[in-house]
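In: one predicted model, sequence on top.
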Amino acid sequence: MKNYLEKKIAARLEELNWPASDLQLSRPKKAENGDWSTSVAMGLARVARQAPLKIAETILTGIDFDPHIVSRYEIAPPGFINFFQAPDFLAHQIRQIVDLDHQYGRNEIGKDLKAQVEFVSANPTGPLTVGHGRQSVLGDTLASILEWSGYEVTREYYFNNAGRQMRKLGESLRARYLTLKGEPTELPEDGYQGAYLIEIARELLVQKPELSDTTDLKVFKEYAETGIFQIIKDTLARMGIIHDVFYNENSLYDDGKIEEVLSLLRQKNLVYEGDGATWFKTTGLGFDQDRVLVKSTGEPTYRLPDMAYHREKFKRGFDLIVDVFGADHQDTYPDVLAALNVMGFDTEKVKVVIHQFVTLMRGDEVVKMSTRKAEFVTLDELLDEVGVDVVRYFYIMRSANSHLNFDLDLAKRQTEENPVFYLQYAHARIASILRKAEERGITFDETVDLSLLVEPETLALINEMLTFPEMIVRCLRTLEIHHLPTYLYSLATALHKFYTEQRVISENIPLSQARLFLLKAVKLTLRNGLEVLGISVPERM
RNA sequence: GCUCCGGUAGCUCAGAUGGAUAGAGCAACGGAUUUCUAAUCCGUCGGUCACAGGUUCGAGUCCUGUCCGGAGUACCA
């Protein structure tokens, strides 16, 4: 419908020799203003030097609309043109949705394109916290949106097991191990105090009881890493999140990729030595200060491996690279992108999604968190308390740009009056009606007379359902996925209102069949939407 | 100081490409069920869209400045 109107009007504008640049069709908020509307006449007032109402009239008098698509149109002050869809066209679209079934909502924008989404990427020093949860769900859902748009998607987890953090972790495990063995040992300063390390130490003691304080730290480091990664992967799996690739920073050193980046930047005269360190001359690229690439200790900063890693992403042939970061990384990517640009890569392909922090609340109390001190609520604990569906929904129902207040008390209480259940209930409600119809022996197929669907609540429901594919595209274009839960919520509202006003199963068999057919379409739309969100789709509640 | 994010109803937040009377949930109050699931629906109350200018037919939305909150501004990641 939208494409049809755009084409028709654009053609007419060309005929009139008026610019079509600001031609846009939107869905009016109020049903009485039509199904589609354009303000193009008002935009042309200046160019055409005529009153908008007159312009609208001139445009419309030269167009013949197919009555099977546009039932009528009107001009409304101060110059809107409103179009009303023909019932035939609506019926046609409902049938199409049922035909498409699992495909409804998908598009082919990313057909034959490869995309990578990097998310979570927490170093394996402890279990995932409530803070990591937002990024986990955000990244996974973004990846789903890309898949629904035809991209071949790689979900990737990048981690660093080379630096100081991991050394501390190894030392902490060694201390725990020796203590368990009967040789009380103090945790190192800034060591990791979490109980999970005691568990891992206990397992290690069973498997390798012969280790001592002279054993290579590497043994403890690697054991800790493996153990903690298992915990992290288990947590993610509980939420249905599975990464295709775990990319290890160490490999960049082993393969000489770090050195390659350094020499590439050297060739561009963007590297110099100073104060015993190696610097990236970012001031030459428009930044306000230079950055250290290799510390005076000889260890690179995170920046250098990040550049090497992203270079590898490009070389792996991704057409779209999405990096999901927390707000604390907000300053780390501009110089990384600048370096890639210098190395000749098209950084337009990189989309950085920054999300603001999660503030964890217990009632009015802010819960302070520190991984090292083990003062945190783990994602696992949260999942235990409120369940996967609630966790997934809550993390993405708000814009990533907004701070998220996660009130634990509220989340726990919200097992009854919760937007997630509202959505699921809409689906279960339809399922129940369809079951009932089957019991009554009411059958229906694509030959039902859909022109019987005429009431305002019914049309509102249909129109809401028809915007689903647009919402997927919008999420893709903006990489802002909170639009989807917001949309599904309003679809559920439309369903509940319809349910309240119109009885589906009645003595009027043709009408019952038409409504059942509609509900079948609504049901699969809800299901597809919940699938994108990774939320379960109950047949009964 | 500089950079990024936010400021919309009592609270938590939606408001894409500037459009028609700024919305939802929660909270408060009042209604609806002989009927397909009341985990639902309807109504009432509630607004200086932080503030001040500007751009134009039209600004919550774009521009400039100010104020408030958060994040960053490392030879941590």
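Out: On my side now, so go ahead.

In: state the distance from A:Tyr338 to RNA strand B.
Out: No Tyr there; residue A:338 is Ala. For A:Ala338, the distance to RNA strand B equals 13 Å [Cβ to the nearest atom of the strand, to the nearest Å]. For glycine as for every other residue, the C-beta is placed from the backbone atoms N, C-alpha and C.

In: mind listing residues that contact the helix or strand hosting that residue?
Out: Per DSSP states H and E, A:Ala338 falls inside helix A:333-342. With Cβ atoms under 8 Å, 6 or more residues apart in numbering as the test, helix A:333-342 has contacts from A:261, A:264-265, A:268, A:270, A:280, A:282, A:285, A:287, A:291, A:303, A:306-307, A:310-311, A:314, A:323, A:325, A:347, A:350, A:352.

In: just the ones of these in strands?
Out: Of the positions in the contacts of helix A:333-342, A:280, A:291, A:323, A:325, A:350, A:352 sit in strands, assigned by DSSP state E.

In: could you pull out the helices in the stretch 201-350 of chain A for me?
Out: For the stretch 201-350 of chain A, helices defined by DSSP state H, counting those that start in this stretch occupy the ranges A:217-238, A:249-254, A:257-267, A:303-315, A:333-342.

In: including mean neighbour count and mean pLDDT, could those helices go into a markdown table?
Out: Below are the helices of the stretch 201-350 of chain A laid out as a markdown table (neighbours: other Cβ atoms under 10 Å; pLDDT from 0 to 100):
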| stretch | mean neighbour count | mean pLDDT |
| --- | --- | --- |
| helix A:217-238 | 18 | 93 |
| helix A:249-254 | 16 | 88 |
| helix A:257-267 | 17 | 92 |
| helix A:303-315 | 21 | 94 |
| helix A:333-342 | 20 | 90 |
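
In: would you turn these into JSON lines with distance to A:Glu385?
Out: What follows is those, written out as JSON lines (distance: least, Cβ to Cβ, whole Å):
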{"stretch": "helix A:217-238", "distance to A:Glu385": "13"}
{"stretch": "helix A:249-254", "distance to A:Glu385": "34"}
{"stretch": "helix A:257-267", "distance to A:Glu385": "42"}
{"stretch": "helix A:303-315", "distance to A:Glu385": "35"}
{"stretch": "helix A:333-342", "distance to A:Glu385": "34"}
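
In: wait, which of those helices is closest to A:Gly150?
Out: helix A:303-315 (19.9 Å; Cβ to Cβ).

In: distance from the chain centre to that closest one, please.
Out: 23 Å (Cα atoms, centre = their mean, to the nearest Å).

In: any chance you could list what contacts it?
Out: For helix A:303-315, the external contacting residues (Cβ under 8 Å, 6+ apart) are A:116, A:158, A:160, A:162, A:247, A:249, A:252-253, A:257-258, A:260-262, A:280, A:291-294, A:321, A:332-333, A:335-337, A:339-340, A:343, A:345, A:349-350.

In: for stretch A:437-455, same thing?
Out: By Cβ under 8 Å, 6+ apart, the surrounding residues in contact with stretch A:437-455 are A:87-88, A:90-91, A:94-95, A:98-99, A:459, A:462, A:501-502, A:504-505, A:509-518.

In: so A:Thr359, which of the three states?
Out: Of the three states, A:Thr359 takes strand under DSSP: H, G, I helix; E, B strand; the rest coil.

In: next up, the contacts around it.
Out: A:366, A:403-406.

In: per-residue confidence at A:Lys412?
Out: Note for A:Lys412: predicted pLDDT of 69.

In: swap that for A:Leu479, sorry
Out: On the pLDDT scale, A:Leu479 gets 94.

In: just to check, A:Glu118 is in contact with A:Tyr158?
Out: Yes: when contacts are counted by Cβ atoms under 8 Å, A:Glu118 is listed as touching A:Tyr158 (5.7 Å).
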